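Trainee: sequence first, predicted model second:
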Amino acid sequence: MTKHIFVTGGVVSSLGKGLTSASIGLLLEHRGLRVRMQKLDPYINVDPGTMSPYQHGEVYVLDDGSETDLDLGHYERFTHSPLTRDSNYTTGQIYLSVIEKERRGEFLGKTVQVIPHITDEIKECIHKLAGDDVDVVITEIGGTVGDIESQPFLEAIRQFALDVGKENCLYIHLTLVPYLKAAGELKTKPSQHSVGLLRQIGIQPDVLICRTEREMSHDEKEKIALFCNIPLKAVIEERDKDFSIYEVPLSLLDNRLDQLIVDRMQLSGGRPDLAAWQDLLHRLRNPRYEISIAVVGKYAEHRDAYKSIYEALDHAGMAPHLQAQIRIQPIQSEDIERDGPERLLSGFDGILVPGGFGERGIEGKVAAIRYARTRKIPFFGICLGMQCAVIEFARNVLGFEDAHSTEFQKDTSHPVICLLDEQKDVTRKGGTMRLGGQDAYLVPNSLARQCYQSETVRERHRHRYEFNSHFRSTFEEAGVRFSGTNADQKLMEILEIEDHPWFLAVQFHPEFQSKPLACHPLFAGFIQAAIQRRNHREDPPEKP
């Protein structure tokens, strides 16, 4: 029978439940267990697709097109768990499903209530991941214990143990043990209160993972164990990791959390071998090179907005054949509009322009791309970054001064980026978002083909606007190579500039398929080009 692990958080938000859940999944997988991962989010939005990156961080897109929470990025980077739309549910989705059932008359006139109808819907979502081919389902409950939004989810997982048997469920609670400098000691009371709230609901945690910036003494662990009604060995210290988040699985391994889980749930499997993970951290601590990458975006001050991009850059740096420490500098594209690229981008070994929505900061991105193109700096454009590269080339090389995307300028005479319907001369305003994994064909002898070492690739998309194929021949005559095309619709997926050391832009999001032990080939190619620039730096004069 499939076992279930539920991960909750208390005291404060942003403790790292997603990272902890992913690390537990990694440890169990390395014991030979088949793991599935899931995140239940308490917000009322149906999905994070329309939420501001400033509030929610990046929207992580799965291969099936689901727009999900960024914690699913941790799940995919750390484990091999197959993720689908059943891996992320929100309060909005749960209530929407229940309301639709009520409208169809499925409740036969009953009064629809939080208990049992909402909680039953939540439990049904958890059951969807169980099966004969799954040993353990790890379900992370978003939010913080005590929040009113989380209560239906906590009630549902309380009931879940009654349905499947307590021996088939394990509750892990992640909490904060703060250090008070004035008192000179760690304080356990917040954790006691947090566990007390769970116990009032009817959930007794089996394991308590304590986030702390200082080492916990044996007496402090004993105190927590006593007042939280938890065995001493189940009080796990998780100190802050200043060096890398990829230390977390090894830390949990050292604390024997995986052994505690398999013993408690009567699971089989040997002790995990994390030698490859240890080698990765060794390379991270002992780089051969140090390079600087400017990430020019509109959400630069909010790191989680480009979470997967930053991780993919680090993955490439940790690759055995590169071993580079990546110094990432987020730069606001609006600052480039105000201060100019020469002042803000000088000295970088590579420039990356990521995706985004909306007109704000577009001209700063275009200016940054022109700077990279004319100064022969390795450039990587992603999604909107690719579209801005098209706009920049059209304006400054082809001479189309008003070239733009119809997303931002409807009446441009050179709509180099537009909706598919506009390319087909259809008058209705339309164009659906292209979401999820799609196949692309790569041109022989291209930079993209060289990086991928493959004729076809499958990458994930999240955008509405496309390169206007009416301008394709004009771009190609001026030195642009469209090295990747959508296999079904012949849409432009990748562009390169031939007279440049490394200039590549893609319409998709390659960062979503990068892993610490298997970096994405395009990020690896970009970092390798940046290393070569660092080793042979001599800025050429600017070309017109």
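Mentor: Great, that's in hand.
Trainee: tell me the mean pLDDT for stretch 324-341?
Mentor: Stretch 324-341 shows a mean pLDDT of 95.
Trainee: chain center to it, what's the gap?
Mentor: Taking the mean of its C-alpha atoms, stretch 324-341 sits 21 Å from the chain's own mean (C-alpha atoms, centre = their mean, to the nearest Å).
Trainee: stretch 352-363 now?
Mentor: The answer for stretch 352-363 is 18 Å, by C-alpha atoms, centre = their mean.
Trainee: can you list contacts of it?
Mentor: When contacts are defined by C-beta atoms under 8 Å, 6 or more residues apart in numbering, stretch 352-363 is touched by residues 53, 293-299, 306, 309, 313, 332-334, 337, 365, 368-369, 379-385, 388-389, 407-408, 462-463, 509, 526. All C-beta atoms are positioned from the backbone trio N, CA, C, and that covers glycine.
Trainee: now intersect the residues you listed with the helices, please.
Mentor: 53, 309, 313, 333-334, 337, 365, 368-369, 384-385, 388-389, 526 (DSSP state H).
Trainee: so P501 is in which element?
Mentor: Assessed by DSSP states H and E, P501 sits outside every helix and strand.
Trainee: is the residue lying closest to it once chain neighbours are set aside in a helix, a strand, or coil?
Mentor: Nearest non-adjacent residue to P501, counting by C-beta to C-beta, 6 or more residues apart in numbering: K376, 5.6 Å away. Here K376 is recorded as coil under DSSP: H, G, I helix; E, B strand; the rest coil.
Trainee: tell me where the stretch 151-300 of the chain has strands.
Mentor: 169-176, 179-180, 185-186, 207-212, 235-239, 289-297 (DSSP state E, counting those that start in this stretch).
Trainee: re earlier: burial count for the residue nearest to P501?
Mentor: 19 (other C-beta atoms under 10 Å).
Trainee: quick one: L260 from Y75, how far?
Mentor: 21 Å (C-beta to C-beta, to the nearest Å).
Trainee: those two - which one has more neighbours?
Mentor: Between L260 and Y75, counted using other C-beta under 10 Å, Y75 has the larger neighbour count: 29 against 19.
Trainee: the closest residue to the more buried one other than its chain neighbours: how many residues sit nearby?
Mentor: If the residues on either side of it in the chain are set aside, Y75 comes closest to M37, at 4.1 Å by C-beta to C-beta, 6+ apart. By the criterion of other C-beta under 10 Å, M37 has 28 neighbours.
Trainee: hang on, the earlier thing: so which of the strands of the stretch 151-300 of the chain comes closest to K3?
Mentor: K3 lies closest, by C-beta to C-beta, to one member of the strands of the stretch 151-300 of the chain: strand 169-176, at 7.3 Å.
Trainee: contacts made by that closest one with the rest, please.
Mentor: 3-12, 15-17, 20, 24, 145, 157, 160-161, 190-191, 194-195, 198, 203-212, 238, 261, 264-265.
Trainee: can you tell me which of those are buried?
Mentor: For those, a neighbour count by 16 or more other C-beta atoms under 10 Å gives the buried set as 3-11, 15-17, 20, 24, 145, 157, 160-161, 191, 194-195, 198, 203-212, 238, 261, 264-265.
Trainee: what about the residues you listed, which are in helices?
Mentor: Using DSSP H, those in helices are 17, 20, 24, 157, 160-161, 191, 194-195, 198, 261, 264-265.
Trainee: list just the nearest of these to L491.
Mentor: K17 (38.0 Å).
Trainee: these two touch, right, the closest one and L70?
Mentor: No. In this structure K17 lies outside contact range of L70 using C-beta atoms under 8 Å: 12.0 Å.
Trainee: what's the helix or strand for I328?
Mentor: strand 324-332.
Trainee: low-confidence stretches in the stretch 201-350 of the chain?
Mentor: Nowhere does the stretch 201-350 of the chain drop to pLDDT under 70.
Trainee: before we move on, back to that, which among the ones in helices among the buried ones among the contacts of strand 169-176 gets closest to I326?
Mentor: T20 (24.5 Å).
Trainee: isn't that closest one right up against V248?
Mentor: Yes. Here T20 reaches V248: they are 6.9 Å apart, a contact under C-beta under 8 Å.
Trainee: which neighbours do these two share?
Mentor: With C-beta under 8 Å, 6+ apart as the test, T20 and V248 both reach E238.
Trainee: any chance of the ones in helices among the buried ones among the contacts of strand 169-176 in CSV, plus distance to K223?
Mentor: What follows is these, written out as CSV (distance: C-beta to C-beta, whole Å):
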residue, distance to K223
K17, 24
T20, 22
I24, 25
I157, 27
F160, 30
A161, 27
S191, 10
S194, 15
V195, 12
L198, 18
I261, 24
R264, 22
M265, 27
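Trainee: out of these, which is nearest to Y43?
Mentor: For those, the nearest to Y43 is K17 (14.9 Å; C-beta to C-beta).
Trainee: list the contacts of the closest one.
Mentor: V7, T8, G9, D71, E140, I141, G142, L174.
Trainee: widest-spaced pair of these?
Mentor: Among these, T8 and D71 lie farthest apart (C-beta to C-beta), at 13.6 Å.
Trainee: coming back round to it: the strand holding I328 pairs with which strands, and in what direction?
Mentor: The pairing partners recorded for strand 324-332 under DSSP bridges are strand 289-297 (parallel).
Trainee: what is the neighbour count of S150?
Mentor: 21.
Trainee: next, the contact list for it, please.
Mentor: Per C-beta under 8 Å, 6+ apart, neighbours of S150: P42, I141, G142, G143, T144.
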